[in-house]
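# give me a 3D structure for the following:
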Amino acid sequence: MTLPGKPIRVLIADDHPATRAGIRGVLDSDAFSLCAEVEDADSAVAAARRELPDLCLIAVGIGGGGIAAVGAIREHVPAATIVMLAARLNEDELFEALRAGADGYLLKDTDPARLPFVLAGAVAGEAALPRKLAARVIDEFRGHEARRRLLLGAQHAVMLTAREWEVLEALRERTSTAEIASRLSVSPVTVRRHVSGIVRKLRVPDRDAAIRLLESRRGLHHAGRSHGIA
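Prediction:
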């Protein structure tokens, strides 16, 4: 598997050596580069803050709690794509992970031939979920957290975290980075990382393009509910 551009830098957090070795083998290509391999939640957060990976693969059952690690990584490395790894399907756990800020939730027995493409898609802003649960997830979040979903087409939706939405709305108001940082009680560096995450997920070149995309989707939303912000 080859992808254009730089390799996707990956952090793996799993307390089973065999699982980590299996993932290393699956991602052994020019498209991916392993930057950290850890066994527990605290180490995962520390490694993410140090390495600033593009993709974090976090096992749900690691010591300290995989879902707890997601929240901390999302706060400190907002541009990272976070995908949970689970030994078995648990819907409550799935929704808890997504609410904590995870971008995806995959079973460890996902087809190894398919996994690199699913993970590359997740980094590009696509959902990384078991296919049979995709509709269930949309139904669950449509009512409770609809503002997190931005429809870019009839079958293409991008999930933004609540904080990313706050930053995007502030950008639309032409608020400066320093003013956004003050409003959200975070550093300007954190704001810039959020902006980088938004730009990456929306597949646009810069913040101005992200604002134009948001405004165009809103226009479609007011004209008809089949497109725009759900």
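# for the rest of this, base every contact and every neighbour count on C-alpha atoms.
Fine.
# and the helices in the protein?
Here the chain has its helices, by DSSP state H, at 17-26, 41-51, 66-76, 91-100, 115-123, 134-144, 162-172, 177-184, 188-202, 207-223.
# buried residues, the second one. List them.
Using 16 or more other CA atoms under 10 Å as the test for burial, helix 41-51 gives 41-48.
# tell me the confidence at Ala230?
Model confidence at Ala230, given as pLDDT, is 29.
# wait, I meant Tyr105
Tyr105 is assigned 92 on the pLDDT scale.
# what sits against it?
83-86, 94, 97, 128-130 (CA atoms under 8 Å, 6 or more residues apart in numbering).
# okay if I get the helices of the chain as TSV plus distance to Arg9 and mean pLDDT?
Written out in TSV, the entries for these read as follows (distance: least, CA to CA, whole Å; pLDDT from 0 to 100):
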stretch	distance to Arg9	mean pLDDT
helix 17-26	12	92
helix 41-51	9	96
helix 66-76	15	91
helix 91-100	22	81
helix 115-123	10	92
helix 134-144	26	57
helix 162-172	22	86
helix 177-184	27	88
helix 188-202	15	86
helix 207-223	23	71
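# do you know which of those lies nearest Ile8?
Ile8 lies closest, by CA to CA, to one member of those: helix 115-123, at 7.8 Å.
# show me what counts as buried in that closest one.
Neighbour-count burial for helix 115-123 flags 115-120, 122-123 (criterion: 16+ other CA under 10 Å).
# returning to what we had before: would you format the helices of the chain as a markdown table with distance to Leu107 included?
Supplementary listing: these in a markdown table, determined by distance: least, CA to CA, whole Å:
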| stretch | distance to Leu107 |
| --- | --- |
| helix 17-26 | 12 |
| helix 41-51 | 19 |
| helix 66-76 | 14 |
| helix 91-100 | 11 |
| helix 115-123 | 10 |
| helix 134-144 | 14 |
| helix 162-172 | 25 |
| helix 177-184 | 35 |
| helix 188-202 | 23 |
| helix 207-223 | 32 |
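# most tightly surrounded among these?
helix 66-76 (a mean of 22; mean count of other CA atoms under 10 Å).
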